[in-house]
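Colleague: here's a sequence, model it:
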Amino acid sequence: MADGRGFDEAWARRTGLRRPALIADAAGLGLAVPSGSFGVRDVARIVGERTPVQVMRSQDQSSVENWSLADWARYWHAPVREDTLNVISLEFSRTPLAAHVRSPALVRRLDWIDNCFPDAYRARGEYPQTQYYCLMSTGGCYTDFHVDFGGTAVWYHVFRGSKVFYAAHLAAYERWICDADQDSTWFPDVAAAGGPCACARVEVRAGETFFIPSGWIHAVHTPADSLVFGGNFLPGLCTADLQLAVHDIEART
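Modeller: Now for the predicted structure:
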């Protein structure tokens, strides 16, 4: 899409929310993000430097324990980095950073958390906190193939840097995730019986927004240091079959 004006309810009805969308220009999208000078130090300052953060080592997808946002900001701005690290799970909907970011208008109109969750629970903070994530990835990071939890759809705005997505088929993903040799095999090499499997490749550049439908399996490569805002949401009954299919896979694996 050239801009966000095409990412609307008419598009949702035409596609059934089963087709990804790459929006080149945020105009008309209803998206709000900070000013262009915003960076990792600002994330740490606004969310809180002592806030614990889950850090992932790209090489083996393992966790790095006991990091705060202050630790992360120091690592990010160090002249030499000793490892390639990734932060992909900093949810900030109940932090001051939430005042600086707003999801696309279509997402807010469809999201079951916004439309269906009881106000009394929301007031107490007793609701799924999955709507707003800040992702901070150093160049060279890779996140292995996965499907987003619960069959949620994803909106994903690259504020700075770029991302490359690779997508493949849901049934093949279940076979791979259940394979005893999963840790030593790469999903595209085993996804199709008898040979390698082609993956759709989507590059998302700074200023672009990507919509990933429910049930899409994807890996993510980060060519250069990147700062991303995004979120997960359940978009309604039109994709309930995909949401339930992902739930079944999660239960079996």
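
Colleague: show me what contacts residue 1?
Modeller: 7, 21, 22, 23, 24 (CB atoms under 8 Å, 6 or more residues apart in numbering). For the C-beta atoms, the positions are set from N, CA and C on the backbone; glycine is no exception.

Colleague: please disregard the earlier target; I meant residue 226.
Modeller: Residue 226 touches 135, 136, 137, 139, 158, 160, 161, 162, 163, counting by CB under 8 Å, 6+ apart.

Colleague: which of the residues you listed ranks first by neighbour count?
Modeller: Across the contacts of residue 226, the neighbour count under other CB atoms under 10 Å reaches its highest value at residue 136, namely 29 neighbours.

Colleague: can you tell me the closest non-neighbouring residue to that residue?
Modeller: Take residue 136 and drop its neighbours on the chain: the residue closest to it by CB to CB, 6 or more residues apart in numbering is residue 87, 4.5 Å away.

Colleague: quick check: the gap between that neighbour and residue 51.
Modeller: Here the distance between residue 87 and residue 51 works out to 11 Å (CB to CB, to the nearest Å).

Colleague: repeat for residue 115
Modeller: The separation that residue 115 has from residue 51, given CB to CB, amounts to 29 Å.

Colleague: of these two, who's got more company?
Modeller: Legend: neighbour count by other CB under 10 Å for residue 115 and residue 51, higher for residue 51 (17 against 11).

Colleague: name the nearest residue to the more buried one, ignoring sequence neighbours.
Modeller: For residue 51, the closest residue by CB to CB, 6+ apart turns out to be residue 69, at 4.8 Å.

Colleague: mind listing the strands for the stretch 101-250 of the chain?
Modeller: For the stretch 101-250 of the chain, strands defined by DSSP state E, counting those that start in this stretch occupy the ranges 133-137, 142-147, 153-168, 200-205, 209-212, 217-233.

Colleague: and the longest one with strand 142-147, angle?
Modeller: An angle of 70 degrees separates the directions of strand 217-233 and strand 142-147 when computed by axes from the mean of the first three to the mean of the last three CA atoms, to 10 degrees.

Colleague: just to revisit the earlier point, what's the closest of the contacts of residue 1 to residue 230?
Modeller: In terms of CB to CB, no member of the contacts of residue 1 lies closer to residue 230 than residue 23, at 12.9 Å.

Colleague: ok, now which ones touch the closest one?
Modeller: Going by CB under 8 Å, 6+ apart, the list of residues near residue 23 reads 1, 3, 4, 6, 7, 29, 208, 209, 210, 211.

Colleague: can you say which of those are buried?
Modeller: Applying a neighbour-count criterion of 16 or more other CB atoms under 10 Å, the buried members of the contacts of residue 23 are 1, 4, 7, 29, 208, 209, 210, 211.

Colleague: phi, psi of the second one?
Modeller: For residue 4, the backbone dihedrals are phi -70, psi -10 (criterion: degrees, to the nearest 10).

Colleague: now it, nearest residue through space, not along the chain?
Modeller: Counting by CB to CB, 6+ apart, the residue nearest residue 4 is residue 29, at 2.5 Å.

Colleague: in the biggest helix by length in the chain, which residues are buried?
Modeller: With DSSP state H setting the assignment, residue counts place helix 240-252 as the longest helix in the chain. The neighbour-count check on helix 240-252 (16+ other CB under 10 Å) flags 242, 243, 245, 246, 249 as buried.

Colleague: any low-confidence regions in this structure?
Modeller: Applying pLDDT under 70 to the chain flags the ranges 169-180, 182-184, 186-198, 253.

Colleague: for the contacts of residue 226, which one is nearest residue 202?
Modeller: Checking the contacts of residue 226 against residue 202 with CB to CB, the nearest one is residue 163 at 8.6 Å.

Colleague: residue contacts, the closest one?
Modeller: With CB under 8 Å, 6+ apart, residue 163 has these contacts: 137, 156, 203, 204, 210, 220, 221, 222, 223, 226, 228.

Colleague: hang on, isn't residue 151 packed against residue 217?
Modeller: No - proximity of residue 151 to residue 217 does not meet the contact threshold set by CB atoms under 8 Å, at 11.6 Å.
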